[in-house]
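Chemist: with the sequence up front, the predicted model follows.
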Amino acid sequence: MAKKVIGNLKLRIPAGRATAGPPVGSTLGQWGLNMMDFINPFNEATKSDMGKDVIVHLQVFEDRTFSWKSLGQPVDDAIRSAIGIKKGSGKPHSEKVGKITRAQLATIAEMKKDQLNANDEDGRIKIIAGTARSMGVEVVG
């Protein structure tokens with residue numbers, strides 16, 4: 001019989017640098033989970049992505065066990081690093097902060113292909129392009 005899920009958590013954690021402090025410790029602590037059962041495997045699994053933030057989904061079960069899945073770098077972070085900007089525009093439709101090419105969009109779409117709700121590569125690229133436009137990044141080429 002499957003375990004009953006009592007919580008679904010979503011965290012944004014620096015890759016390879018999870019600690020018992022916030023945000024990991026405070027979030028897992030309030031669910032009564034053993035932090036080190038998450039921190040050590042997470043740091044080991046994400047040490048190749050050091051310097052990037054990683055999205056993690058945790059499922060908490062009623063017997064105080066959990067399962068987790070790393071979704072990798074968020075799309076907005078990937079766009080910012082691809083074009084070399086610090087942040088998106090506060091007024092994305094009138095103030096542009098950079099330009100991104102279709103090739104760069106395709107690279108990001110390939111990296112996120114398992115998490116995007118699209119039927120083909122063109123659909124994935126359109127999703128990433130929409131995120132870029134909402135950040136004030138102009139899509140060229």
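Modeler: Yep, that arrived.

Chemist: CA atoms for contacts and neighbours, from now on please.
Modeler: OK.

Chemist: so Arg102 sits against Ala132, correct?
Modeler: No. Contact status for Arg102 versus Ala132: not in contact, 11.2 Å apart, counting by C-alpha atoms under 8 Å.

Chemist: list residues touching both of these two?
Modeler: Val139 (C-alpha atoms under 8 Å, 6 or more residues apart in numbering).

Chemist: pLDDT below threshold where in this protein?
Modeler: 1 (pLDDT under 70).

Chemist: what ranges do the helices span in it?
Modeler: Under the criterion DSSP state H, the chain carries helices at the ranges 24-30, 36-46, 75-83, 102-111, 121-134.

Chemist: now those as TSV including distance to Val54 and mean neighbour count?
Modeler: Shown next, in TSV, are the helices of the chain (distance: least, C-alpha to C-alpha, whole Å; neighbours: other C-alpha atoms under 10 Å):
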stretch	distance to Val54	mean neighbour count
helix 24-30	12	15
helix 36-46	8	16
helix 75-83	10	17
helix 102-111	13	17
helix 121-134	17	18
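
Chemist: out of the ones you listed, which gets nearest to Gly16?
Modeler: helix 36-46 (3.9 Å; C-alpha to C-alpha).

Chemist: what residues are up against the closest residue to Lys86 other than its chain neighbours?
Modeler: In space, and not counting its chain neighbours, Lys86 is closest to Arg80: 6.5 Å by C-alpha to C-alpha, 6 or more residues apart in numbering. Neighbour list for Arg80: Lys86, Lys87, Gly88 [criterion: C-alpha under 8 Å, 6+ apart].

Chemist: returning to what we had before: which one, of the helices of the chain, ends up nearest to Asn8?
Modeler: Nearest to Asn8, of all the helices of the chain, is helix 24-30, at 11.3 Å by C-alpha to C-alpha.

Chemist: still on that earlier bit, which of the contacts of Arg80 are buried? Put it as a PyMOL command.
Modeler: Buried residues within the contacts of Arg80, by 16 or more other C-alpha atoms under 10 Å, are selected in PyMOL with:
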select buried, resi 88
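
Chemist: look up how far Glu110 lies from Pro74.
Modeler: 13 Å (C-alpha to C-alpha, to the nearest Å).

Chemist: tell me the domain ranges of the protein?
Modeler: What automatic domain parsing lists as the domains of the chain is 5-72, 75-140.
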